[in-house]
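>>> Whatever this is, show me its structure:
(one chain, ligands or ions: 1)
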Amino acid sequence: MTEIEEMYRASLARWGVEAQYDQAVEECAELIAALKHFKRDRIGEEQVVAELADVTLMIGQLTWMLGEERVQRAIEEKLVKLRRLLESE
Ligand SMILES: [Mg+2]
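I've put the predicted structure just below:
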């Protein structure tokens, strides 16, 4: 188990499944708000980067919980569709 996987395991053990979903939703909402504020020049790029980091960590947590291989397969399917779309225009 890598160091980050150990942290995902420890977070799940400490706070439980529901808290992980709730935290992911909260971090996504914070990123949405940060992007809106950034567009209006109310915050700087560093704050957007900080919120991206939070969301990236929660995506890592949920991906670890749901299965890295499943998520990787889904990403590959979506990339196939995106590639077709890019080639069609
Ligand atoms: Mg955040």
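
>>> so Leu62 touches Gln20, yeah?
Yes: here Leu62 reaches Gln20: they are 6.5 Å apart, a contact under CB atoms under 8 Å. For every residue, glycine as well, the C-beta is placed using N, CA and C.

>>> okay, now Trp64: neighbour count?
The local packing of Trp64 (other CB atoms under 10 Å) involves 19 other residues.

>>> Distance of Val25 relative to the ion?
According to CB to the ion, to the nearest Å, Val25 stands 11 Å off from the ion.

>>> For stretch 62-69, buried residues please.
Within stretch 62-69, the residues that count as buried by 16 or more other CB atoms under 10 Å are 62-65.

>>> ok, so of these, who is nearest the ion?
The nearest member of the buried residues of stretch 62-69 to the ion, counting by CB to the ion, is Leu62 at 15.0 Å.

>>> In terms of helices and strands, where is that closest one?
Using DSSP states H and E, the element containing Leu62 is helix 45-66.
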